[in-house]
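> Provide a 3D model corresponding to the input given below.
(one chain, ligands or ions: 1)
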Amino acid sequence: MPKERGAKKWRVHNQICQGIELRKSAGQHILKNPLLVNSIVEKSCLLPTDIVLEVGPGTGNMTVKLLEKCKRVIAVELDHRLANELRKRVQDSPLSSKLQIIQGNVLKVDLPYFDVCVANLPYQISSPFVFKLLAHRPVFRSAVLMFQREFAQRLVANPGDKVYCRLSANVQLLARVQHLIKVSRNSFKPPPRVDSSVVRIEPREAPDIDLVQWDAMLRIVFLRKNKTLGSIFKTKPVLEALEKNLLLRNSLKDTVSTLEKHSSSEIKAKVLAVLSGISKLETRPRSLGVQEFIALLREFSKHDFHFS
Ligand SMILES: C[S@@+](CC[C@H](N)C(=O)[O-])C[C@H]1O[C@@H](n2cnc3c(N)ncnc32)[C@H](O)[C@@H]1O
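Got it, this is the predicted structure:
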């Protein structure tokens, strides 16, 4: 769609909320359906002792409900106008002592300790925020987050599903994910152009694998996810990368340069021999789950194969 048509559409829906003009650039779509707000808070399964991280509280419709259910809410809001509005909203209430507002970009601030994260996220930060959360230590109990529907579908997709992709495998490596609620675009003011979904993410212990190698392998296989692993690993650029990495690693290990010890045809032959022994070469990446990818990576590293 040409840019101008999109911009026009937004101007039609542009909204003033409590005297504040909402900004499309910050994904400011306010949840106007109180039943939905209650339902998200309910699904967060909060304990009275919990510290909750809320990202993008906006005008605070969800924040006040969260404050009623937990010990403390730490709200990170980018827009100082909305942060001030939220401060004013609770200032005369007994709940105000439980609220801490951090005004800033959640992708840039150091996240504090929290038990549960709840957020109606701006869509543009969905992916970096999920990975920031999953890297956060100490591990939190769960996150209940609103995403664009298509992004949510990719997060929860199972092997074999049409939308199963690198994102699905990367997130499912580090967390259990569950679709909770379908949300219509009409639940927001102004309505975005797409529907949304609420998803629960529960982090789990990361397996003992090299995450850099994991990501490098997934990048390779999901670029060609409908091909068999065998044909992917034997495509010229992948083969060459495996050969180069093997050569480099060996030359680092040896005191005498491997370039002198092993000719490149020996290396090529070794790569092909190892590849022929790798299991599941006839399968396609789109049908492999996290455990199968872990097993594949372990097979490769057993033979000193590296993807980056
Ligand atoms: C979709 S609105 C949700 C507002 C409110 N939670 C609600 O449900 O009505 C997203 C909110 O995130 C804020 N926001 C956008 N980018 C942000 C960022 N990088 N860090 C923190 N907050 C951000 C916006 O200003 C806005 O208040």
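> quick check: which element contains Leu155?
helix 149-156 (DSSP states H and E).
> and that helix, which residues are buried?
Buried positions in helix 149-156, judged by neighbour count with 16 or more other C-beta atoms under 10 Å: Arg149, Phe151, Ala152, Gln153, Arg154, Leu155, Val156. For the C-beta atoms, the positions are set from N, CA and C on the backbone; glycine is no exception.
> do stretch 179-191 as well
Along stretch 179-191, the positions that meet the burial threshold by neighbour count (16+ other C-beta under 10 Å) are His179, Leu180, Ile181, Val183, Ser187, Phe188, Pro190.
> which members of the residues you listed define the maximum pairwise distance?
When the buried residues of stretch 179-191 are compared pair by pair using C-beta to C-beta, the two farthest from each other are His179 and Pro190, 25.0 Å apart.
> if we can go back for a sec, adding distance to Gln213, write the buried residues of helix 149-156 out as JSON lines.
Shown next, in JSON lines, are these (distance: C-beta to C-beta, whole Å):
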{"residue": "Arg149", "distance to Gln213": "32"}
{"residue": "Phe151", "distance to Gln213": "26"}
{"residue": "Ala152", "distance to Gln213": "28"}
{"residue": "Gln153", "distance to Gln213": "28"}
{"residue": "Arg154", "distance to Gln213": "23"}
{"residue": "Leu155", "distance to Gln213": "23"}
{"residue": "Val156", "distance to Gln213": "25"}
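> still on that earlier bit, show me the buried residues of stretch 179-191 that map onto helices.
Using DSSP state H, no member of the buried residues of stretch 179-191 falls within helices.
> what is the nearest of those residues to the ligand?
Comparing the buried residues of stretch 179-191 against the ligand with C-beta to the nearest ligand atom picks out Phe188 as the nearest, at 7.1 Å.
> still on that earlier bit, which one of the buried residues of stretch 179-191 sits closest to Asn38?
Nearest to Asn38 among these is Ile181, at 11.3 Å by C-beta to C-beta.
> any idea how far the closest residue to the ligand within the stretch 201-308 of the chain lies from Val106?
Using C-beta to the nearest ligand atom, Ile201 is the residue of the stretch 201-308 of the chain that sits closest to the ligand, at 17.4 Å. Noted for Ile201: a distance of 15 Å to Val106, by C-beta to C-beta, to the nearest Å.
> same check, this time on Ala295
Ala295 is 35 Å from Val106, where distance means C-beta to C-beta.
> who has more neighbours out of the two?
For the pair Ala295 and Val106, the greater number of neighbours falls to Val106 (23 against 12), based on other C-beta atoms under 10 Å.
> A strand includes that one, no?
No. Secondary structure assignment places Val106 outside any strand; it is coil (DSSP: H, G, I helix; E, B strand; the rest coil).
> was I right about it contacting Ile125?
Yes. Under the criterion of C-beta atoms under 8 Å, Val106 makes contact with Ile125 at 7.1 Å.
> how is Val221 assigned, secondary-structure-wise?
Secondary structure for Val221, judged by three-state DSSP, is helix.
> how about it, what does it touch?
Remark: with contacts taken as C-beta atoms under 8 Å, 6 or more residues apart in numbering, Val221 is in contact with Leu229, Ile232, Pro285.
> and which of these is nearest to Ile102?
Using C-beta to C-beta, Pro285 is the member of the contacts of Val221 that lies nearest Ile102, at 39.7 Å.
> circling back to that earlier point, so which elements touch the helix holding Leu155?
Applying 3 or more C-beta pairs under 8 Å, 6 or more residues apart in numbering; DSSP states H and E, one finds that helix 149-156 contacts helix 126-135, helix 166-174, strand 175-183, strand 196-203.
> flag every residue of the chain that's near the ligand.
With C-beta under 6 Å from any ligand atom as the criterion, the chain meets the ligand at residues 26-31, 55-58, 61-62, 76-79, 82, 105-107, 120, 122, 125.
> let me see the backbone angles for the closest residue to His306 other than its chain neighbours.
Counting by C-beta to C-beta, 6 or more residues apart in numbering, His306 lies nearest to Asn245, which is 4.2 Å off, once chain neighbours are set aside. Comment: the main-chain dihedrals of Asn245 come out as phi -70, psi -40, following degrees, to the nearest 10.
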